[in-house]
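Novice: compute the structure for the input listed below.
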Amino acid sequence: MDTYDLFRKLGSGARFDLKRFYSDAAKFKKCSKLTGAVYLSFLLENLADLRLAERCLPVPGSCMQLAKVKANDFPLFGSSPNLDFFENKSKQTTTKRALHEEPVTTNGKDKERNINILTINSANTKGRNSRKRAKKRKIENADSLDVDVSCVGGQVLVEGTSILWMSSLEEKLNKAQKPKKQTAEKQEQQRIEKVKHFRNVNKIYVHGTDIPEPVATFDQLQEEYNIDPRLMQNVKDAGFQTPTPIQMQAIPLILHGREILACAPTGSGKTMAFSIPMLAHLKYPKNKGFRALIISPTRELASQTHRELVKLSEGIGFRIHMIDKAAVAAKRFGPKSSKKCDILVTTPNRVIYLLNQDPPGIDLSSVEWLVVDESDKLFEDGKRGFREQLASIFVACTSHLVKRAMFSATFAHDVEQWCKLNLDNVVSVSIGARNSAVDTVEQSLLFVGNETGKLLAMRELIKQGFSPPVLVFVQSIDRAKELFHELIYEGMNVDIIHADRTQQQRDNVIQSFREGKIWILICTSLLARGIDFKGVNMVINYDFPTSAIEYIHRIGRTGRAGHSGKAVSFFTEDDKPLLRSVAGVIQQAGCPVPDYIKHFKKLQSKQKKRVVKNPLKRAHIRTTPKFILEKAHRKRKLIQKKLKEKRDQQEKDKPQSAAES
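Specialist: Presented below is the predicted three-dimensional model:
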């Protein structure tokens, strides 16, 4: 390859086609101070076409080398500020001929001229110091020309023009260094990976199709879904700064109008997870009747949900109601009512009572959201469940806009199957492992031998000292009364709550327990579902729970909202069949379990259902010896016998006294 071909390849990247881009080249005439180095850069790039490279100039290393040389070093081109090399063809031809002629003589002038032309490469032979001088000359030259000549990655950029001077090799290198634009598929894949990582970190597990992304903050929720600022301010005023995992995923799902089956540990914010999007969906009050219905298994849980909704809707104007007395509700919400109501929170039985009246005491045809809280409890069969009542409520909600949401701390298999069959495109959301206890509770098992040992262990715990408030769970109402009578003499602030007490008594007990007036509250499974007591430090399972699900709900009354708690469960010889399933929950939460319990046999599903429906028959709770009780029983019978004989004798004496008179 000769010098001509090499120079042609080097200059091909910036060749200027004068015929094609004459109008652009004409712009050079408007540049008032375009001289010397800029003209030289352009001309040398096109010397290949003029076929003057091998006769006039040595091959340059790069365009930047030419830009570094002052215009004063090239008297051939002069330094006129208005130098115009795009003139008529006659002038260009003359210039070509003049340059194309070979020098014949070697007089002093020709030598001087050749020396001046060949000084273009003199900077390369002067060593390291010459590089500094060349750099200095470049700066001075740029200042004298008033033209911004800069170098970026080996490229010469001239301010005021749209021409980029570079060699073809530099152009290829720059293209290789430019970051490639990501395709839409790759960006979508990266987004999916980020969402998946976020869910894994927060232990959010979802099953379904077209699931919206979770939200990380309440500010992000407000920006993406345009939620009423008053609602978000009420959320922050209630002390909620960041959403919990169940709220991160459940709120976007409900805002998208999806039907949902959600499972999250106790104390994880499930009430807020359906309250916030439901209020955001309703937007503002309307006189259409009830547009949202929330069903809870107990009145205590319904009252708690009602209280939370009132706080969240402060300043928005929603009319939120709770049925206290069904007779009053029939007049208030009947067909002749003004329908000035928006949300109803109640239990299943009260709604069924109103629906069964003729005409119905309540109209549910406008319901847009039906939320079932503690859904696994409500779907239980038999006397303890509300499956039939729920079916009637679902039928009464006749609006084509109705959406249903199921929330619970535990997953029941039959509830999941029912949702898949009856809900439209349902999405299943679970936080952490299914049917698991919270890891903020220190759980332990205590063997007490028999029923007498339970009471002794209870008194020992009290003697060692404890931090109130404490919840004590027993199996039945009768056993709750018996334990209350035993502990009342210990000098403790103890009380009892169960279904046999009036509604006013139950409300007073719960209020006293919240205020700290009651240290120990004895209760049945009535309070095991959903009730949120602030700061419960200990839960005692006096009677062992009949299932792992009931155990999870019981100990979930402590260790709520990130606080720590403690749970102690008494068990006897009769409770051995129930130990294995509960021990698995304790071990999964990271708490120690005795090795011998792990080897107990597991109950089959039929046996588990039988135990739940028919709990163990336990002895009475008492510390008085049996022979003393029998003696007292005989004494009572003797007294009753004498009283009866006395009454009979008095009845016989009445006719005689009347005859004598």
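
Novice: show me where the stretch 301-450 of the chain dips below the pLDDT cut-off.
Specialist: Applying pLDDT under 70 to the stretch 301-450 of the chain flags residues 335-338, 381-385.

Novice: tell me where the model's unsure across this protein.
Specialist: Looking at the chain by pLDDT under 70, you get 1-182, 335-338, 381-385, 530, 561, 624-626, 629, 656-661.

Novice: give me the domain ranges for it.
Specialist: By the assignment in automatic domain parsing, the chain contains the domains 3-173, 187-431, 441-613, 626-661.

Novice: start and end of the second one, how far apart?
Specialist: Using C-alpha to C-alpha, to the nearest Å, the end-to-end distance of domain 187-431 comes to 28 Å.

Novice: can you map out the strands along the stretch 401-550 of the chain?
Specialist: 403-408, 427-431, 441-449, 470-473, 494-497, 520-523, 538-541 (DSSP state E, counting those that start in this stretch).

Novice: name every strand pairing with the third one and say which way it goes.
Specialist: Here the strand partners of strand 441-449, with direction, are listed using DSSP bridges: strand 565-572 (parallel).

Novice: contacts for the partner strand?
Specialist: In this structure, residues lying in contact with strand 565-572 by C-beta atoms under 8 Å, 6 or more residues apart in numbering are 440-451, 453-454, 457, 461, 536-545, 551, 554-555, 558-559, 578-579, 582. Yep, even glycine has a C-beta here, placed from its N, CA and C like the rest.

Novice: and the helix or strand hosting residue 190, what does it pack onto?
Specialist: Assigned by DSSP states H and E, residue 190 belongs to helix 184-201. Helices and strands touching helix 184-201, by 3 or more C-beta pairs under 8 Å, 6 or more residues apart in numbering; DSSP states H and E, are strand 204-207.

Novice: which other helices and strands does the strand it packs on contact?
Specialist: helix 184-201, helix 245-255, strand 427-431.

Novice: the longest one versus helix 245-255: what angle between them?
Specialist: Same thing as helix 184-201. 130 degrees (axes from the mean of the first three to the mean of the last three C-alpha atoms, to 10 degrees).

Novice: list of residues touching helix 184-201?
Specialist: Outside helix 184-201, the residues touching it (C-beta under 8 Å, 6+ apart) are 182, 204, 205, 206, 213, 214, 216, 249.

Novice: which among those residues end up buried?
Specialist: 204, 205, 206, 213, 214, 249 (16 or more other C-beta atoms under 10 Å).

Novice: could you measure the first one against residue 431, distance?
Specialist: Translated: residue 204. In this view, residue 204 and residue 431 are 6 Å apart by C-beta to C-beta, to the nearest Å.

Novice: now for the two: what residues contact both?
Specialist: residue 245.

Novice: quick revisit: could you dump the contacts of helix 184-201 into CSV and include distance to residue 423?
Specialist: Putting the contacts of helix 184-201 into CSV (distance: C-beta to C-beta, whole Å) gives the following:
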residue, distance to residue 423
182, 38
204, 20
205, 18
206, 15
213, 22
214, 21
216, 27
249, 17
